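> heads up, no residue letters with this:
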DNA sequence: TATAATTCATAAAACCTTTTAATAAATGAA
DNA sequence: TTCATTTATTAAAAGGTTTTATGAATTATA
């Protein structure tokens, strides 16, 4: 059995000082109040016995749990799990715990989770919100909770967020494909009103307009993603639009479905069909041919997210500062996007 | 600003009963103590105002934090993040929070993390331990902490664990390759004393012995993994052992490195070289040709892990029960393991 | 010398819950 | 009626911390 944990009371008793004195010293509030001599004595003893404050008691008293929750769409997706990995470290470095969970892009599930975390009194929320989640975010903000959105955001709410420049990135990608010799580029995306998807579509349209090309968009229903019907839809899209010479996929899992279809149909990449994807993946690097992608800056995203969250957490109550960050994506050019 | 949270005291005051009464009712300890009438009254009011107990206060009083920590080798690895995703849900279903972190297979880092979690008084530890971690596990057990190891374990310690049948699975895989027509199968693994790696090697040796084949093992130094030197070593291995007609990789990231090399050297799979990997991956499904793999039963692992952890948590103190689970892996046969 | 200001230290309240031990009321037995 | 038992309820302690308000001792000022 574990030996009893040492408490601040034990220390006070042992050193013949008051609890208050110890607490002040522990919290760096001893300046000018407690004599150097006593400070040293306490500090030495604390170090000697390896005392660590009971975080539950601390939390109870201060109302803070030192927990940040990180709600991503799907923790088993490489993009999100990579960021999580980085966030986790940053959180610990700053004295916070990070709790993860997957929203599955389901507003009700996300709502339930938020309620759960409220009950558990987390200190801050970092969220990739599903559609139809504006009201819940507003609610959180009204309650004075620190909130940072990422990957997507809501124009209608003034809330801190970290996103990448989806429009410009997509534009850049399509431009690259045009320069690679493709003229009839299809855009495969989700039937989603989320900002990141809308912006990617806008980037595509912008490039299409600029180069005076024909717009070809396939919007896949989100539910079909789970049914694995995605491939069928891509196939139908290819049949319907015979003259396509390239495909741009708005997410990496769409691209993977697409690659399966192209493989099945024995469409040659990049000669018959150019291919690019938003969001890089290990698969693209190993595929034959290798697949070009628009890579998201994982480290910068994680950096920014934690930076903003910490700022919010340290903000004197009420005086909230909204911070936006829009980070650039980078083109990873491989074999699939240049017409031989 | 958030309106003040309602507390048990508020309820007691409002209903003119004592705090104790409310607490008993809330904790289902009212049977035979409190009158039905009062019970109903309190329950209704609680529901009406949506009262939820303050978990920090609860934790402080009971000494429980309702937090389980899940320490995996690398949360951004698909195998671990997939399991995490499942564990997360199970934990919440059972009233626990799940904290994740990555050990990076570094004993010192893991040690630091464990200390951190001790300070934060988590209730249970699920760990993929790095090498040289026996003593730390023993220590945890001595302190009466619920511990479940997974993916690997220590023979020298009697501690609950969930692993897959690494030896049998590898044996099965090698057997499959032999049946696929390969006679000179190289085994690429890590220079590691961890049980799962040792068992995989043993499974290989067992098959080699059975079929009276020549053993060819490449052990890659763990540090070289990070330096991305893995490919060079695989290449040197191929050069040194010219007559190899197949490779079995003991982890999926080794396989990915290997595939890069084979691609670079333009070795034809499966005609010139058969390939299989322990642990499946999306990459293997999309690679050309598709790569056969030994797939680990993610759901069963997560089920078992949580089941055992919950049993330990609910065990009356001191009366610990050690539970082992060894789950079978399954062969996923694709194109890379059958000689044309 | 008396008083004000400064320095050092602490008691006690508060955070919210669980649980032990005690009390009060009602019932049953003698 | 009286004592014992059961039933219904509660006061108070404990868990470990932070923080406000207060007190005592020392030094400076008038």
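Great, that's in hand. What you are looking at is a predicted structure, and each value in this text was computed from that prediction instead of being measured.
> number of nearby residues for the residue in the stretch 151-300 of chain A that DNA strand D sits nearest to?
For the stretch 151-300 of chain A and DNA strand D, the shortest gap (CB to the nearest atom of the strand) falls at residue A:160, measuring 25.2 Å. (Glycine included, C-beta is placed from N, CA and C.) Number of residues near residue A:160 (other CB atoms under 10 Å in any protein chain shown) recorded here: 24.
> return the residues in contact with it.
By CB atoms under 8 Å, 6 or more residues apart in numbering or on different chains, residue A:160 lies in contact with A:147-149, A:308, A:312, A:321-324.
> at 10 Å what do you get?
With contacts defined as CB atoms under 10 Å, 6 or more residues apart in numbering or on different chains, residue A:160 is in contact with A:126, A:141, A:146-150, A:153, A:304-305, A:308-309, A:311-312, A:320-325.
> and the stretch 51-200 of chain A, which residues reach DNA strand D?
Within reach of DNA strand D by CB under 7 Å from any atom of the strand, the stretch 51-200 of chain A has these residues: A:51, A:53-54, A:57-58, A:60-62.
> kindly identify which of those also come near DNA strand C.
Filtering those for proximity to DNA strand C (criterion: CB under 7 Å from any atom of the strand) leaves A:57, A:60-61.
> output those in TSV, with distance to chain B appended to each entry.
Shown next, in TSV, are these (distance: CB to the nearest CB, whole Å):
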residue	distance to chain B
A:57	5
A:60	4
A:61	9
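> would you mark the buried spots in stretch A:139-148?
Within stretch A:139-148, the residues that count as buried by 16 or more other CB atoms under 10 Å in any protein chain shown are A:140-141, A:145-148.
> what's the neighbour count on residue A:328?
12.
> quick one: the helices in the stretch 151-300 of chain A?
Here the stretch 151-300 of chain A has its helices, by DSSP state H, counting those that start in this stretch, at A:166-179, A:195-211, A:222-226, A:230-240, A:252-264, A:282-286, A:298-314.
> mean pLDDT lowest for which of these?
The weakest mean pLDDT among those belongs to helix A:222-226, with a mean of 76.
> can you name every helix or strand that it contacts?
strand A:185-190, helix A:230-240, helix A:252-264 (3 or more CB pairs under 10 Å, 6 or more residues apart in numbering or on different chains; DSSP states H and E).
> so who does residue A:27 touch?
Contact analysis of residue A:27 by CB under 10 Å, 6+ apart lists A:53, A:58.
> distance check, it against residue A:20.
To residue A:20, residue A:27 is 11 Å away according to CB to CB, to the nearest Å.
> about what we covered before: are any of the residues of the stretch 51-200 of chain A next to DNA strand D buried, and if so which?
A:51, A:54, A:58, A:60.
> for DNA strand C, state which of those residues is nearest.
residue A:60 (4.2 Å).
> still on that earlier bit, would you mind giving the helices of the stretch 151-300 of chain A as a markdown table with mean neighbour count added?
Formatted as a markdown table, those follow (neighbours: other CB atoms under 10 Å in any protein chain shown):
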| stretch | mean neighbour count |
| --- | --- |
| helix A:166-179 | 21 |
| helix A:195-211 | 19 |
| helix A:222-226 | 14 |
| helix A:230-240 | 17 |
| helix A:252-264 | 21 |
| helix A:282-286 | 20 |
| helix A:298-314 | 18 |
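> now do the nearest residue to residue A:326 once chain neighbours are set aside, the pLDDT please.
Spatial nearest neighbour of residue A:326, excluding adjacent residues (CB to CB, 6 or more residues apart in numbering or on different chains): residue A:165 at 5.1 Å. Listed pLDDT for residue A:165 reads 97.
> so residue A:165 touches residue A:199, yeah?
Yes: using CB atoms under 10 Å, residue A:165 is in contact with residue A:199, at 8.1 Å.
> joint contacts of these two?
Here residue A:165 and residue A:199 have residue A:171 as joint contacts, going by CB under 10 Å, 6+ apart.
> show me chain A divided up by domain.
Domain segmentation of chain A under automatic domain parsing yields A:8-53, A:63-164+A:299-328, A:166-296+A:331-337.
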